[in-house]
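J.: When you get a sec, could you give me coordinates for this:
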Amino acid sequence: MKDLSLHVMDILQNSTRAKATLIKFTIIENEEQDIYELIFEDNGCGMSEETLQHVTDPFFTTRTVRKVGLGIPLLKQNCEKTGGRFSISSQEGIGTEVHAVFSHKHIDRPTLGDIATTIVYTASAYPDIRFIYKHIHNDKEYIFDTQEITEVLDGISIQNPEIIAYLVEMIRENLKEINVEF
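T.: Residues are numbered from 1 along each chain as shown. Predicted coordinates:
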């Protein structure tokens, strides 16, 4: 995948398929410690121990429409080629947590890409799921929470095209304020 936002979209889609009602996604950038970390947490159906053991195998998938599942294996591979690490934990009936750590300065770390569009389009496609996106860059942070957005919208749908465009721009502007490069 050419940028991290595509990895993010894939993992968020996994969480929606797992019937999560709450999906938390955090990016932690610490240039001094050379860390670029993606953390995904959901309260979906979780995975069995057997599924968890095979989830990083590209020739394993729980989907019935295709015989390969490349999202998680590619994320793991991209982490490892920057000297980073990947971990996933899950409990049936409780949810799943994914940690993907990259070297911040490594030349092979994919760029962030259009994370604003990824977050907003995913949230608008699943308006009944609460999405919390937190981005920490060194000592600054930004939080986007669909529950707060829904309250402010006061009955206007998050699926409204004008609202979607506004939210994408809002996230971009807030990320610029905390010096995030995408």
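
J.: P73: what's it in contact with?
T.: Going by Cβ atoms under 8 Å, 6 or more residues apart in numbering, P73 touches T56, D57, P58. Using the backbone N, CA and C atoms, a C-beta is placed for each residue, glycine as well.

J.: any idea of the mean pLDDT for the host helix or strand of it?
T.: Per DSSP states H and E, P73 falls inside helix 71-80. When pLDDT is averaged over helix 71-80, the result is 93.

J.: Just the buried positions in that helix, please.
T.: For helix 71-80, the buried set under the neighbour-count rule, 16 or more other Cβ atoms under 10 Å, comprises G71, I72, P73, L74, L75, K76, N78, C79.

J.: In the protein, mark out all the helices, start to finish.
T.: Applying DSSP state H to the chain gives helices spanning 4-17, 49-54, 71-80, 115-125, 146-153, 161-177.

J.: Those helices: lowest mean pLDDT?
T.: helix 49-54 has the lowest average pLDDT among the helices of the chain, namely a mean of 88.

J.: Now that helix - C-alpha only, CSV.
T.: C-alpha atoms of helix 49-54 as CSV (Å, rounded to 0.1, in the frame of the first residue of the first chain):
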residue,chain,number,x,y,z
GLU,A,49,-7.1,-18.0,19.2
GLU,A,50,-6.9,-20.0,15.9
THR,A,51,-7.8,-17.1,13.7
LEU,A,52,-5.4,-14.8,15.6
GLN,A,53,-2.5,-17.2,15.0
HIS,A,54,-3.1,-17.1,11.3
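
J.: So what's the gap between it and the chain middle?
T.: Mean-position distance between helix 49-54 and its chain equals 21 Å (Cα atoms, centre = their mean, to the nearest Å).

J.: now stretch 154-171
T.: Distance of stretch 154-171 from its chain centroid, counting by Cα atoms, centre = their mean, is 19 Å.

J.: E169 - nearest residue in space that isn't next to it in sequence?
T.: Spatial nearest neighbour of E169, chain neighbours left out: A116 (7.6 Å); criterion: Cβ to Cβ, 6 or more residues apart in numbering.

J.: Format the contacts of P73 as TSV; extra columns: neighbour count and distance to G84.
T.: Output for the contacts of P73, formatted as TSV (neighbours: other Cβ atoms under 10 Å; distance: Cβ to Cβ, whole Å):
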residue	neighbour count	distance to G84
T56	16	14
D57	12	19
P58	14	19
